[in-house]
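Q: What shape does this take:
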Amino acid sequence: MVGGQWRKCEDHEGPGYTAGAVKIVGDLNGDARPEAIITEESSYCYGMAGTTFDLVSKQIDGSWKLMASGIGIPKFLTTKGVGGWPDIEIGGPGFCFPVERWNGKEYQNHRQQYEGKSCED
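A: So this is what the prediction gives:
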């Protein structure tokens with residue numbers, strides 16, 4: 001947090017910069033606790049995708065745990081990993097996007113896809 005805003009990018013004054021904001025809040029994995037997506041926008045810091053995201057989950061003790069982070073636009077899929085966590089397609093420029101799956105410890109690359117169909121790098 002910098003000045004009450006989420007900021008990863010050092011280019012706070014550059015054109016096209018948008019400070020971090022909570023974009024989605026909901027229960028993604030069915031555990032009755034909320035998750036949130038925090039996004040920040042800057043083509044200077046995040047290239048052609050222009051955005052970064054952090055997925056955080058509220059824990060039993062009330063703290064927030066970082067579950068996933070990346071450059072691109074997260075899209076939650078109907079396919080699931082361990083514990084009911086949805087796969088995340090990380091979109092951006094191009095035609096073949098990584099899909100990450102929760103393995104019980106972290107989100108890891110699981111496959112590449114475009115419009116729901118498998119593709120090659």
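Q: isn't residue 107 right up against residue 76?
A: No. Under the criterion of CB atoms under 8 Å, residue 107 is not in contact with residue 76, lying 11.5 Å apart. For glycine as for every other residue, the C-beta is placed from the backbone atoms N, C-alpha and C.
Q: Check the contact lists of these two and give me the overlap.
A: residue 88 (CB atoms under 8 Å, 6 or more residues apart in numbering).
Q: More neighbours: those two, which one.
A: A side-by-side neighbour count of residue 107 and residue 76, using other CB atoms under 10 Å, places residue 107 first with 20 against 17.
Q: Can you name the residues bridging to that one?
A: residue 102 (DSSP bridges).
Q: Could you list everything residue 90 pairs with in the sheet?
A: residue 74.
Q: in this protein, which spans are helices?
A: For the chain, the helices defined by DSSP state H occupy 43-46.
Q: any low-confidence regions in it?
A: Within the chain, the ranges that satisfy pLDDT under 70 run 1-5, 11-14, 120-121.
Q: now the strands for this structure?
A: In the chain, strands defined by DSSP state E lie at 18-26, 35-41, 51-58, 64-71, 73-80, 86-91, 97-102, 107-114, 117-118, listed in chain order.
Q: Perfect, I'm done here.
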